[in-house]
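Visitor: please find the sequence and the predicted model below.
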Amino acid sequence: MDSLLRLLLRFLVVPLGVMAGMITTMLVVIIGYWDIGALVSGADVGHAVLLLDALSAAVFVLTALVMMMWAIAAIGILFAETFAVRSWIFHVANGAASAWLAAWLFPTYADQTAPPMDEATFYVVAAGLAGGLAYWLVAGWSAGFWKPLGRAVVAPLPAPAPPSAPASAAGPVPAAPAAPSSSPGSPLPTRMP
């Protein structure tokens, strides 16, 4: 029954970890890649509408990139859940590798086979690192439903039975000597010769 409850908990915790990783990934890319403050500072009302339109399109494309990244990261997440890999290094590397592979799937230009290693790719990989760490903080540290957290509680062994008296082959065991008798008025028992 305990394993079933841990499995059901994993069905709740893993999607929460993926959502935390996706939000972290999007925030790192938005904050690192686009200098929104410089765009807004010198814009008039007409440019503000165009800026809002460009940002909404960028968020749509970024959402597609993040969804692709986490679809690739699902392979590593399934591996971690299957084999109870709880290392933060594994989850951070899974996030970085999946972000880099997702950047390969979304080339900058139509005929480009791979994205160049420039500032944009750096921010995507950094976002993958941050997303993998966010996933580990929420769900990765307890990966694997079949492997309980902490040490297993071992029941104490039963106390050994006292050794039984050996049966003698010569016959019955002799009775113990009788207790010493005491005289009715003496406080100490008398000794027997």
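Guide: Sure, I can see it. Numbers count the residues shown, from 1 in each chain.
Visitor: give me the next element, helix or strand, following the top helix by length along the chain.
Guide: The residue-count maximum for a helix in the chain (DSSP state H) belongs to helix 45-83. Per DSSP states H and E, the first helix or strand lying C-terminal to helix 45-83 is helix 88-105.
Visitor: with just CA atoms, put that next one into CSV.
Guide: Only the C-alpha atoms of helix 88-105 are listed here, as CSV (Å, rounded to 0.1, in the frame of the first residue of the first chain):
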residue,chain,number,x,y,z
TRP,A,88,21.1,17.3,-8.8
ILE,A,89,24.0,17.1,-11.3
PHE,A,90,21.9,14.7,-13.4
HIS,A,91,18.9,16.9,-13.5
VAL,A,92,20.8,20.1,-14.2
ALA,A,93,22.7,18.3,-17.0
ASN,A,94,19.4,16.9,-18.4
GLY,A,95,18.0,20.5,-18.5
ALA,A,96,21.1,21.9,-20.2
ALA,A,97,21.3,19.1,-22.8
SER,A,98,17.6,19.2,-23.6
ALA,A,99,17.7,23.0,-24.0
TRP,A,100,20.7,22.7,-26.3
LEU,A,101,19.0,20.0,-28.4
ALA,A,102,15.8,22.1,-28.6
ALA,A,103,17.9,25.0,-29.8
TRP,A,104,19.2,22.8,-32.6
LEU,A,105,15.6,21.9,-33.6
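Visitor: same for the very next helix or strand once past that helix, what does it pack against?
Guide: Sequence order places helix 119-138 as the next helix or strand after helix 88-105, per DSSP H and E. Packed against helix 119-138 by the contact rule (3 or more Cβ pairs under 8 Å, 6 or more residues apart in numbering; DSSP states H and E) you find helix 2-33, helix 45-83, helix 88-105. Every residue, glycine included, has its C-beta placed from N, CA and C.
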